[in-house]
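[1] Just a sequence and a predicted model for now, questions to come.
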Amino acid sequence: MPSLRQVLSQYKAGRVSRAQVLDFLNELPYKNLRFAKVDTHRLLRRRSPEVIYAKGKSVQQIVRIASVLHEAGQPVFITKLTPAAARQICRRLEWLSYHPQAQVATNGVSARAGAKSKKKVLVVTAGTSDLPVAEEAMATLRWMGCAAQGIFDVGVAGLHRILAQRGTLRRAAVIIVIAGMDGALPSVISGLVKCPVVAVPTSTGYGASFKGVAPLLTMLNSCSPGVSVVNIDNGFGAGYLAALIAGG
């Protein structure tokens with residue numbers, strides 16, 4: 001399926017009729033698949049397309065949604081995709097590439113064509129167990145046209161580790177801080193820098209962390225101004241927001 005720009009160019013050149021243009025525009029708001037209404041118009045509205053959240057969807061549903069976006073000439077980005085489901089999907093959609101650490105799949109097309117931010121976004125984790133969420137955030141940043149750098153395993157149990165990174169922290173345009181357990185690291189880092197901090201609570205931790213609720217509440221109650229918080233394990237949301245802030 002051609003893009004809107006291509007259709008309009010073809011109409012201007014006299015290669016398609018007015019009726020054909022109107023038929024194309026009728027499908028722009030969304031493509032109705034009964035089980036899903038694929039928002040093919042989002043790329044025009046927001047400069048980035050609909051993203052497929054894989055959890056809770058069948059392989060067949062993901063394949064059909066991804067195919068609609070791909071046929072419309074749009075970037076495809078699938079999040080929270082398990083290795084087992086990815087194997088089946090990538091066999092059927094050979095144009096997809098799977099990134100197992102981030103649990104995302106993409107067709108390799110940038111979400112924001114031509115948008116390349118020179119500003120660096122730093123992704124920091126409190127522990128090694130937070131790496132899957134960090135990898136998702138970094139994959140999202142790169143898809144959104146932003147440079148991403150990671151600093152891992154620098155939680156508050158050993159403050160000297162993050163203090164040793166003060167120079168790198170201060171050069172970042174935006175910092176994503178990912179932590180489970182007590183969730184204190186975003187406040188610590190925010191107190192050291194002048195840039196915005198996007199905090200991501202993770203479900204890492206023992207029973208009293210309540211699968212991420214405890215660090216979520218800690219981050220929401222941060223005493224350091226300039227900290228915004230996304231939902232538990234939401235590396236994609238953090239990467240997307242940080243890219244918008246950095247101008248990607």
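    Right, received. Where do you want to start?
[2] Quickly note the distance from the closest residue to residue 33 other than its chain neighbours to residue 192.
    Among residues not flanking residue 33 along the chain, residue 64 sits closest, at 5.8 Å (C-beta to C-beta, 6 or more residues apart in numbering). Quick note: C-beta positions are derived from backbone N, CA and C, even for glycine. Using C-beta to C-beta, to the nearest Å, residue 64 is found at 47 Å from residue 192.
[3] ok, now residue 7?
    Taken as C-beta to C-beta, the span from residue 7 to residue 192 is 51 Å.
[4] Residue 65 now?
    Counting by C-beta to C-beta - residue 65 and residue 192 are separated by 42 Å.
[5] Likewise for residue 88?
    45 Å.
[6] try residue 74
    40 Å.
[7] if we can go back for a sec, which SSE is the residue nearest to residue 33 in?
    helix 59-71 (DSSP states H and E).
[8] That helix - contacts with which helices or strands?
    strand 37-38, strand 52-53, helix 83-92 (3 or more C-beta pairs under 8 Å, 6 or more residues apart in numbering; DSSP states H and E).
[9] Report the inter-axis angle for that helix versus helix 83-92.
    50 degrees (axes from the mean of the first three to the mean of the last three C-alpha atoms, to 10 degrees).
[10] Residues in contact with helix 59-71: which ones?
    1, 31, 33, 35-36, 38, 40, 49-50, 52, 54, 57, 75-76, 78, 81, 85, 88-89, 92-93, 95-96, 107 (C-beta atoms under 8 Å, 6 or more residues apart in numbering).
[11] Ok, stretch 129-140 next?
    Residues from elsewhere that reach stretch 129-140, judged by C-beta under 8 Å, 6+ apart: 77, 79, 99, 101-104, 106, 123, 125, 148, 150, 152, 176, 178-180, 200, 202, 204, 233-236, 238-240, 242-243.
[12] With adjacent residues omitted, what lies nearest to residue 104?
    Nearest non-adjacent residue to residue 104 (C-beta to C-beta, 6+ apart): residue 139, at 4.9 Å.
[13] hmm, back to that, please list only the buried members of the contacts of helix 59-71.
    For these, a burial check counting by 16 or more other C-beta atoms under 10 Å picks out 31, 36, 38, 40, 49-50, 52, 54, 57, 75-76, 78, 81, 85, 89, 93, 96, 107.
[14] Scan this structure for its longest strand.
    strand 117-125 (DSSP state E).
[15] For it, name the packing helices and strands.
    So strand 117-125, by 3+ C-beta pairs under 8 Å, 6+ apart, packs with helix 131-143, strand 146-151, helix 166-170, strand 174-179, helix 235-246.
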